[in-house]
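Enquirer: okay, structure incoming, though there's no sequence with it:
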């Protein structure tokens with residue numbers, strides 16, 4: 001069996017391949033449904049299946065983890081992902097694909113929950129931000145590479161699913177070289193109940209402010225990928241150019257993820273979160289003035305990715321600071337839940353905004369949203385009961 005360093009490498013590699021499969025699914029299925037004459041509204045609703053899957057499975061993850069350990073959960077989640085990818089090739093049906101997307105959401109959440117909790121509970125405090133940043137970097141790298149598989153459709157509509165499925169299977173098999181472990185069961189801080197509901201209540205009580213970051217990341221990612229293309233076409237931008245602008249957000253986050261994580265280890269999560277949110281808010285405010293310029297949009301997406309592209313990993317590090325190890329499984333579940341809620345509410349709110357205020361910039365809603373999150377973090381992250389490591 002491999003040692004701790006090799007185990008960490010295997011866990012983050014699995015996360016990277018998971019990001020690749022998610023990044024591939026969004027554009028590939030959108031293109032295939034569009035080619036089959038499916039309306040854009042149905043196409044958009046179809047994309048929510050993955051996030052529905054994440055929400056559906058979330059309440060049922062903690063007990064199996066505490067009973068069976070990390071390895072079995074990661075194996076089950078990975079198997080659900082690659083089997084679902086292969087099943088895309090056997091029957092082309094709108095509802096069948098919706099179910100498969102939901103199954104991938106379930107599998108990905110199981111997989112991410114297991115890997116996140118294993119990493120956060122076994123990393124010492126001084127390296128926590130760095131290691132979680134590596135975790136976020138690998139997912140972002142996979143998510144940025146995934147859309148490139150769209151070009152494989154010209155050879156065969158099933159080829160992207162086969163290639164990503166095989167890659168998932170190969171990396172998934174590495175888990176057989178990792179020794180299983182069980183999470184920490186007890187710690188100094190007590191919650192009102194030992195049951196899952198009590199743990200969730202206790203987790204939200206102590207670390208709700210940290211969950212604002214993954215919620216904001218989900219809101220941003222889904223809005224920029226789902227609503228911005230619609231708005232950009234309405235103001236005259238070419239579809240081919242839009243497809244090049246959007247990946248700049250995820251690609252730029254790859255560059256800054258580890259430096260921001262290390263910086264947060266040194267000066268604190270709250271200060272770094274305030275910095276990236278302030279910078280992101282100012283950049284999107286400038287976007288209102290340069291949105292008709294292709295070059296301006298490239299710069300906006302790159303600079304915003306450098307800052308707010310790391311919100312998820314920074315929020316996860318912050319959550320880990322605020323909670324005892326016994327509540328980290330529930331905390332990691334809630335990170336996924338809040339990310340999913342942001343991913344669902346972002347496109348819904350932004351879509352309504354675009355329809356109701358056609359004469360106003362799409363970037364106003366992004367700027368206002370980041371401002372609200374910044375104010376909440378500045379107001380509540382400094383409360384004494386939240387500052388375990390002040």
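Expert: That came in fine, so what should we check first? Just so we're clear, the structure is a prediction, and the values are computed from it rather than from any experiment.
Enquirer: and residue 358, how far from residue 231?
Expert: Separation of residue 358 from residue 231 (C-beta to C-beta, to the nearest Å): 9 Å. Where you see a C-beta, it was placed from the backbone N, CA and C, and this is true even at glycine.
Enquirer: quick one: which of the two has more around it?
Expert: The neighbour comparison of residue 358 against residue 231 (other C-beta atoms under 10 Å) goes to residue 231, with 20 against 9.
Enquirer: and the closest residue to that one other than its chain neighbours, what does it touch?
Expert: Sequence neighbours aside, residue 362 is the residue nearest to residue 231 in space, at 4.1 Å (criterion: C-beta to C-beta, 6 or more residues apart in numbering). For residue 362, the contact set (C-beta atoms under 8 Å, 6 or more residues apart in numbering) comprises 227, 228, 231, 291, 350, 353, 354.
Enquirer: I figured the fourth one hits residue 364, correct?
Expert: No - look at residue 291 against residue 364 with C-beta atoms under 8 Å: they stay out of range, at 10.6 Å.
Enquirer: of the two, which one has the most company?
Expert: Shown here are residue 291 and residue 364; by other C-beta under 10 Å, residue 291 has more neighbours (19 against 15).
Enquirer: contacting residues around the closest residue to that one other than its chain neighbours?
Expert: Spatial nearest neighbour of residue 291, excluding adjacent residues (C-beta to C-beta, 6+ apart): residue 361 at 6.0 Å. Applying C-beta under 8 Å, 6+ apart, we find residue 361 in contact with 287, 288, 291.
Enquirer: with residue 249 as the reference, measure out to the last one.
Expert: Looking back up the chat, that one is residue 291. Taking C-beta to C-beta as the measure, residue 291 falls 15 Å from residue 249.
Enquirer: residue 76 touches residue 109, doesn't it?
Expert: No - the pair residue 76 / residue 109 is not scored as a contact, 11.3 Å apart, by C-beta under 8 Å.
Enquirer: neighbour count for these two, which is higher?
Expert: Neighbour tally, residue 76 and residue 109, criterion other C-beta under 10 Å: the higher count belongs to residue 109, 28 against 16.
Enquirer: can you give me the strands in the stretch 201-350 of the chain?
Expert: Assigned strands in the stretch 201-350 of the chain: none (criterion: DSSP state E, counting those that start in this stretch).
Enquirer: quick one: pLDDT of residue 354?
Expert: Confidence at residue 354, expressed as pLDDT, is 79.
Enquirer: just to check, it is in contact with residue 231?
Expert: Yes - contact criterion C-beta under 8 Å: residue 354 and residue 231 qualify, at 5.6 Å.
Enquirer: how much space between residue 317 and residue 65?
Expert: For residue 317, the distance to residue 65 equals 20 Å [C-beta to C-beta].
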